[in-house]
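Novice: Structure of the sequence below:
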Amino acid sequence: MTLWLPLGFAGLLAIAYGFTLSRSAPGPAKLLLKISGMVILTGVAIWAGAHWMLIAGLAACTVGDAFLAGKPQRWLIPGMAAFFIGHVFYVALFWSTGQVSGDLLNYLGRALLVLAGAGYVLWLSPSLGKMRLPVLAYAGVILVMGAAAIALPPGYGLVLIGALMFIASDAILANELFRRPPGEMPRRLPSISLWNLYFFGQMLIALGFLAK
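Specialist: Down below sits the predicted model:
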């Protein structure tokens, strides 16, 4: 019961950010509101005695959120690097938890995710310019994270849903960053959708492990 109060507060802060400042210009208010929910979520994981790799993944992503609250021209690469590190921790955590083997449908699910992700990056590729290599590296690690989530043993459904929400969020963000016409303001629906998919995906990943 005690976990739900801070988690609910974190969720309310995240929703408030998505519907208010997610499309605003960089500034202290945007930064503080954006990271507040993730700071609380990371704190809950620490307080609950979660695995250190889950805490490290959440913390790295919180740093990534802080970078991406600034101007993309300056902070996109550091932000992607922080999220890359976060996904590395998640991959290590998922694999150390145990993996399903010998299940054809599970293998097909992993293959479908990787193929769909590769196709999406290929579609984005003409718009990436000098960001091509960083995006390829980031896409690789997040797809490995997703495949590792699919391969988790039964009982980790929340983690799988959260991981897929995280991937969907990044797919929307990539479209907004690289396919939106230069100078055009971020669109309201994608901005709200990607943020809520991201934050509540992270919350489900955390809850999936905290419930064990």
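
Novice: Could I get the contacting residues of the residue positioned nearest the centre of the chain?
Specialist: What sits nearest the mean C-alpha location of the chain, by C-alpha atoms, centre = their mean, is Phe166, with 3.9 Å. Phe166 sits next to Ile142, Met145, Gly146, Leu197, Tyr198, Gly201, Gln202, Ile205 when contact means C-beta atoms under 8 Å, 6 or more residues apart in numbering. Where you see a C-beta, it was placed from the backbone N, CA and C, and this is true even at glycine.

Novice: Let me see the mean pLDDT of the helix or strand containing it.
Specialist: Using DSSP states H and E, Phe166 sits in helix 157-178. Mean pLDDT, helix 157-178: 96.

Novice: distance between that helix and the chain's centre?
Specialist: Computed by C-alpha atoms, centre = their mean, to the nearest Å, the chain-centroid distance of helix 157-178 equals 6 Å.

Novice: Buried residues, that helix. List them.
Specialist: For helix 157-178, the neighbour count (16 or more other C-beta atoms under 10 Å) marks 158-177 as buried.

Novice: ditto for stretch 64-80
Specialist: Those buried within stretch 64-80 under the rule 16+ other C-beta under 10 Å are Gly64, Asp65, Ala66, Phe67, Leu68, Ala69, Gly70, Trp75, Leu76, Gly79, Met80.

Novice: helices or strands next to the one helix or strand the last one maps to in the packing?
Specialist: Secondary structure here is read from DSSP H and E; on that basis Met80 sits in helix 72-97. Contacts of helix 72-97 with other secondary structure elements, assessed using 3 or more C-beta pairs under 8 Å, 6 or more residues apart in numbering; DSSP states H and E, are made with helix 52-68, helix 132-150, helix 157-178.

Novice: Let me know the next secondary structure element after it.
Specialist: Using DSSP H and E, the helix or strand that follows helix 72-97 towards the C-terminus is helix 104-124.

Novice: Next, the angle helix 157-178 makes with that next one.
Specialist: Interaxial angle of helix 104-124 relative to helix 157-178 (axes from the mean of the first three to the mean of the last three C-alpha atoms, to 10 degrees): 10 degrees.

Novice: which pair in the buried residues of stretch 64-80 spans the largest distance?
Specialist: Maximum pairwise distance in the buried residues of stretch 64-80, criterion C-beta to C-beta, is 13.9 Å, between Ala69 and Met80.

Novice: my guess is Lys30 meets Arg23, correct?
Specialist: No: contact criterion C-beta atoms under 8 Å: Lys30 and Arg23 do not qualify, at 9.6 Å.

Novice: For the nearest residue to Phe19 once chain neighbours are set aside, give me the pLDDT.
Specialist: Using C-beta to C-beta, 6 or more residues apart in numbering and skipping residues adjacent in sequence, the residue nearest Phe19 is Ile192, 6.2 Å away. Model confidence at Ile192, given as pLDDT, is 92.
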